[in-house]
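Asker: Predicted model and sequence below, questions to follow.
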Amino acid sequence: MLKITPVYIAEVHATGGRNGHVKSTDGIIDLDTAIPTGMGGTGGHKTNPEQLFAAGYAACFGGAIGWVGKGKDISGFTIQAQVGFGKSEEGIYGINAKLEVHFPNLSIEEGQQIVDAAHQVCPYSQATRGNIEVIVTAV
């Protein structure tokens, strides 16, 4: 287990589970949540845990790319994050993640080297490694 000394702590209060509300203590996040229509819920203009996870992972992974990509022309890169929710063959609910990174100024091979290096240092990648399926690719 990786033990850290936090330099920042995010705090969010959640009520109602998937059909509820999440609010950060600083008020920046203040969102209703709903079960997505694809899972039999109402969806609508409400977020869900998978969207929030995808947003956090993509932003964090982008920070890792910035760190490991120093000296390369990574300007203008974008990340498309997908987080899936489902059931395993054993009947256990879980998630998986797929991150596709586009580098407009690099070859796919150069981009993949940066993506692979970022996957080694990104805190979200560290947290998920060995726990869920994660695919990271340069496209």
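Answerer: Received the coordinates, thanks.

Asker: Longest helix in the chain, by number of residues?
Answerer: The longest helix of the chain (DSSP state H) is helix 49-68.

Asker: Go through the helix or strand just after that one and flag the buried ones.
Answerer: Following helix 49-68 in sequence order, the next helix or strand is strand 78-87 (DSSP states H and E). Neighbour counts using 16 or more other C-beta atoms under 10 Å place 79, 81, 83 of strand 78-87 among the buried residues. Every residue, glycine included, has its C-beta placed from N, CA and C.

Asker: now these as CSV including pLDDT?
Answerer: As requested, the buried residues of strand 78-87 are exported to CSV (pLDDT from 0 to 100):
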residue, pLDDT
Ile79, 98
Ala81, 98
Val83, 98
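
Asker: Among those residues, which one lies nearest to Gly40?
Answerer: If you rank the buried residues of strand 78-87 by distance to Gly40 using C-beta to C-beta, Val83 comes first, at 17.9 Å.

Asker: Please identify the helix or strand for Ile95.
Answerer: Here Ile95 sits within strand 93-102, counting by DSSP H and E.

Asker: isn't Val12 right up against His21?
Answerer: No: between Val12 and His21 there is no contact under C-beta atoms under 8 Å: 10.3 Å.

Asker: which residues are in contact with both of those two?
Answerer: The contact sets of Val12 and His21 do not overlap (C-beta atoms under 8 Å, 6 or more residues apart in numbering).

Asker: where does the residue nearest the centre of the chain sit relative to Gln51, distance-wise?
Answerer: For the chain, the residue nearest the mean C-alpha position is Tyr57 (2.1 Å; C-alpha atoms, centre = their mean). Separation of Tyr57 from Gln51 (C-beta to C-beta, to the nearest Å): 11 Å.

Asker: Give me the common contacts of these two.
Answerer: With C-beta under 8 Å, 6+ apart, Tyr57 and Gln51 have common neighbours Val83.

Asker: Setting aside sequence neighbours, what's the nearest residue to Gly111?
Answerer: Of all residues not flanking Gly111 in the chain, Ala138 sits nearest, at 3.1 Å (C-beta to C-beta, 6 or more residues apart in numbering).
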